[in-house]
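Student: sharing a sequence plus its predicted fold:
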Amino acid sequence: MAEHTGRPTDQAGTLRAMNSPRLTEERTRQAATRVVSVTSGKGGVGKTAVVANLAVLLARMGKRVLILDADLGLANIDVVFGLAPSHNLNHFFTGEQGLETILTDGPEGIKILPAGSGVQRFTRLDSEQKMRLLEGLDAMNNDFDFVLIDTEAGISENVTYFNTAAQEILVVTTPDPTAITDAYALMKLLSNQYHEKHFNLIVNFIRNEEEALDVYRKLTMVANRYLDISIDYIGSIPRDKLMVDAIRKQQVLVQLFPESKTSLAFEALARTIVQEPQTLEPKGSIQFFWKRLLEFGGK
């Protein structure tokens, strides 16, 4: 009898222990890092602004965020945040610095791996440089909940590398017909040559939600006809003159104008991304943090 009466107490104690702050934190740190590439078929669609604003909002939600500026020939992220880092990824690829030493502090506790502007020699990484970056990030030992990769625009070899190395691909486009065409061209390339099958879509610079949904319908209609991919529409961002003001002041819109319609749209987008179910199946050995994804999946 005593044995039976003791069980509920033991179970309650076990549950309390499982939910202790220390174990909860440990479980959180064991969770696989979500690596999201933010990409576009062409320049001028506001991709970097999307990365910067999302990073700030994710950090405010208690997420540990790293931004990797993968536009290695035309750095933008440090400019958007008004930073002047002494070292950047170019120093890493030449072997002068490790990733830890070029890691730069951004606002709200965000960490940034800045790119170097005007250095064309790294606009096409060789296989050794790609592997060094893969290993360097993996050595960070799950210090982040989110890694946001700001790719360069277009369909260069670096763009395809960072998109295939990311766990999730977020395509930014606008209602402009050329932006839609280029976004489709990027997804087609990644699907046909690199077997990417899933993309998330953000439509930027919209006048109303119907305009964004029209872009989504156009892309899905063509993709369903010619490609074996799925596209998930996850949100839109209104065109806003305040964005220009924020860029000029080298601050992020959601910090400068938190009550603006565009800031609220970014907040909705950040919540959607956080609530998305996490994929724990690695795409391949080229994926960032793939070793820990394998370990995490095994658990």
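Tutor: Cool, got the structure. Computed from a predicted model, the values in this text were never measured in an experiment. Numbering: from 1, shown residues only.
Student: and K249, how far from M243?
Tutor: Per C-beta to C-beta, to the nearest Å, K249 is found 11 Å from M243. Glycine gets a C-beta too; all of them are placed from N, C-alpha and C.
Student: report the secondary structure state of the nearest residue in space to A153 that is not next to it in sequence.
Tutor: Nearest non-adjacent residue to A153, counting by C-beta to C-beta, 6 or more residues apart in numbering: G43, 3.8 Å away. Here G43 is recorded as coil under DSSP: H, G, I helix; E, B strand; the rest coil.
Student: go on, N200?
Tutor: What three-state DSSP gives for N200 is strand.
Student: now find how far off-centre stretch 60-74 is within its chain.
Tutor: Distance of stretch 60-74 from its chain centroid, counting by C-alpha atoms, centre = their mean, to the nearest Å, is 7 Å.
Student: that stretch: which residues count as buried?
Tutor: 63-74 (16 or more other C-beta atoms under 10 Å).
Student: what's the end-to-end length of stretch 269-285?
Tutor: 30 Å (C-alpha to C-alpha, to the nearest Å).
Student: so, low pLDDT: which residues of the stretch 1-150 of the chain?
Tutor: Scanning the stretch 1-150 of the chain for pLDDT under 70 picks out 1-31, 118-120.
Student: show me where the stretch 101-250 of the chain has helices.
Tutor: Assigned helices in the stretch 101-250 of the chain, in chain order: 127-138, 157-165, 177-194, 209-226, 241-248 (criterion: DSSP state H, counting those that start in this stretch).
Student: just these: most buried one?
Tutor: Greatest average neighbour count among those goes to helix 157-165 (a mean of 21), per mean count of other C-beta atoms under 10 Å.
Student: hang on, the earlier thing: now the residue nearest to A153: phi and psi?
Tutor: The phi/psi pair for G43 (degrees, to the nearest 10) reads phi -80, psi 170.
Student: looking at it, it is touching G154, isn't it?
Tutor: Yes - between G43 and G154 there is a contact under C-beta atoms under 8 Å: 7.4 Å.
Student: which ones are touching the closest residue in space to G136 that isn't next to it in sequence?
Tutor: Nearest non-adjacent residue to G136, counting by C-beta to C-beta, 6+ apart: L99, 4.3 Å away. Applying C-beta atoms under 8 Å, 6 or more residues apart in numbering to L99 gives the contacts 92, 113, 136-137, 139-140.
Student: closest one of these to Y226?
Tutor: L137 (34.1 Å; C-beta to C-beta).
Student: the closest one touches I286, doesn't it?
Tutor: No - when contacts are counted by C-beta under 8 Å, L137 is not listed as touching I286 (12.0 Å).
Student: and the gap between T272 and N200?
Tutor: For T272, the distance to N200 (C-beta to C-beta) stands at 9 Å.
Student: oh sorry, the question was meant for I273
Tutor: Counting by C-beta to C-beta, the gap from I273 to N200 is 8 Å.
Student: what is in contact with the two at once?
Tutor: I234.
Student: what secondary structure does S86 sit in?
Tutor: S86 ends up coil, using three-state DSSP.
Student: since we're on it, how many residues are nearby?
Tutor: Counted by other C-beta atoms under 10 Å, the residues lying close to S86 total 10.
Student: so S117 makes contact with A75?
Tutor: Yes - the pair S117 / A75 is scored as a contact, 4.2 Å apart, by C-beta under 8 Å.
Student: comparing these two, which residue is more hemmed in?
Tutor: A75 (24 against 16).
Student: what sits against the more buried one?
Tutor: Contacts of A75 (C-beta under 8 Å, 6+ apart): 69, 88, 114-117.
Student: where exactly do the strands run in this structure?
Tutor: Assigned by DSSP state E, the chain shows strands spanning 34-39, 65-70, 104-105, 111-113, 146-151, 168-173, 198-206, 230-238.
Student: I'm done for today, thanks for sticking with me.
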